[in-house]
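[1] coords please:
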Amino acid sequence: MLRKIKQSIKKAFHFSNRESNSLLAIVTFMLVAVIAPKVVQLYYRWTYRPDHCADTALLDKQLALLQANSNRLVPFDINSATAEPLLAIEGMPQPLALRILRYRDKLGGFVSFDQYKEVYGLSGHLRTKLMQHTTIRKGHPPKKISLNQATFKRLAAHPYISYAMAQAIIDYRKRKGKFTTLRAIQNLPGYHPDWGKKIMPYLSL
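    This next block holds a predicted model:
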């Protein structure tokens, strides 16, 4: 294209090759000098115009919000959970996650967040995180222990029933027959109201 322009200049003005090259260079320089500032000016007008900056700020805010939401765990039911969601909690080591699940199964299910304090090795910081990321369904029916049918081994396997209390339940059945009400545990030797409150959700006749 430049060659055609050069030939046109030579024919129109009867210039030599050198003169044509010089004139072409001058015209090119003038075009660049005039057009380039206009292009730069238009660029800066678009980049720094108020509404464009506002749009960019809004977009950045929305992206940050989406990122925050993607990192937020959806609360899960601790009584039906596997180890996977527990391990997704920041700072939760695998041995501790498995210990939480084993303790839950020994209990027969959690009925209160306060029971998290009973998990060995669970720090206050992790306990808080566990409470934030888990739920305990209201009215959750934990696995029950039958006062009238459970063996000594079954009774003593529960975290809230000591060997002595398990034997006291067996002895009560031998002396008086079946338990007729759950409140009859108040007659067991070594009974304490705090213990009765803890164990009651897990008992059946």
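
[2] confirm D114 sits in a helix?
    Yes - with DSSP: H, G, I helix; E, B strand; the rest coil as the criterion, D114 is located in a helix.

[3] might you list the low-confidence residue ranges for the chain?
    1-73 (pLDDT under 70).

[4] give the contact list for the residue lying closest to S112 once chain neighbours are set aside.
    Nearest residue to S112, sequence neighbours excluded (Cβ to Cβ, 6 or more residues apart in numbering): I136, at 7.0 Å. For every residue, glycine as well, the C-beta is placed using N, CA and C. Each residue near I136 by Cβ atoms under 8 Å, 6 or more residues apart in numbering is listed here: 77-79, 110-113.

[5] so which of these wins on neighbours?
    I78 (24 neighbours; other Cβ atoms under 10 Å).

[6] residues in contact with the nearest residue to that residue once chain neighbours are set aside?
    Of all residues beyond its chain neighbours, the one nearest I78 is T134 (4.2 Å), with distances taken as Cβ to Cβ, 6+ apart. Neighbour list for T134: 75-78, 81 [criterion: Cβ under 8 Å, 6+ apart].

[7] my guess is R137 contacts F76. True?
    No - contact criterion Cβ atoms under 8 Å: R137 and F76 do not qualify, at 11.0 Å.

[8] more neighbours: which of the two?
    F76 (17 against 13).

[9] distance of the more buried one from S146?
    Noted for F76: a distance of 30 Å to S146, by Cβ to Cβ, to the nearest Å.

[10] one more: F110?
    21 Å.

[11] Y103 now?
    Distance from Y103 to S146, by Cβ to Cβ: 21 Å.

[12] could you report the neighbour count for D194?
    7.

[13] so which bits of the strand or helix carrying it are buried?
    Per DSSP states H and E: D194 is located in helix 193-199. Under the neighbour-count criterion of 16 or more other Cβ atoms under 10 Å, helix 193-199 has 195-196, 198-199 buried.

[14] tabulate those (CSV), appending distance to R127.
    As requested, those are exported to CSV (distance: Cβ to Cβ, whole Å):
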residue, distance to R127
W195, 22
G196, 25
K198, 18
I199, 22
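
[15] comparing Y103 and S146, which shows the higher neighbour count?
    Remark: of Y103 and S146, Y103 carries more neighbours, 17 against 14, as counted by other Cβ under 10 Å.

[16] now do the SS call for the more buried one.
    helix.

[17] who touches the nearest residue to it once chain neighbours are set aside in this structure?
    Nearest-residue entry for Y103: V119, 5.2 Å, with adjacent residues in sequence omitted and distances by Cβ to Cβ, 6+ apart. Shown in contact with V119 (Cβ under 8 Å, 6+ apart): 96, 99-100, 103, 127.

[18] mind running it again at 10 Å?
    Contact partners of V119, counting by Cβ atoms under 10 Å, 6 or more residues apart in numbering, are 96, 99-104, 110, 126-127, 130.

[19] do the same with K143
    Contacts of K143 (Cβ under 10 Å, 6+ apart): 79, 105-109, 158, 202, 204.

[20] buried ones in stretch 93-107?
    96-97, 100-101, 103-104, 107.

[21] what about the helices in the protein?
    Secondary structure of the chain by DSSP state H: the helices cover 2-13, 17-47, 50-70, 83-87, 94-107, 124-133, 152-156, 163-176, 193-199.

[22] nice, that's everything, thank you.
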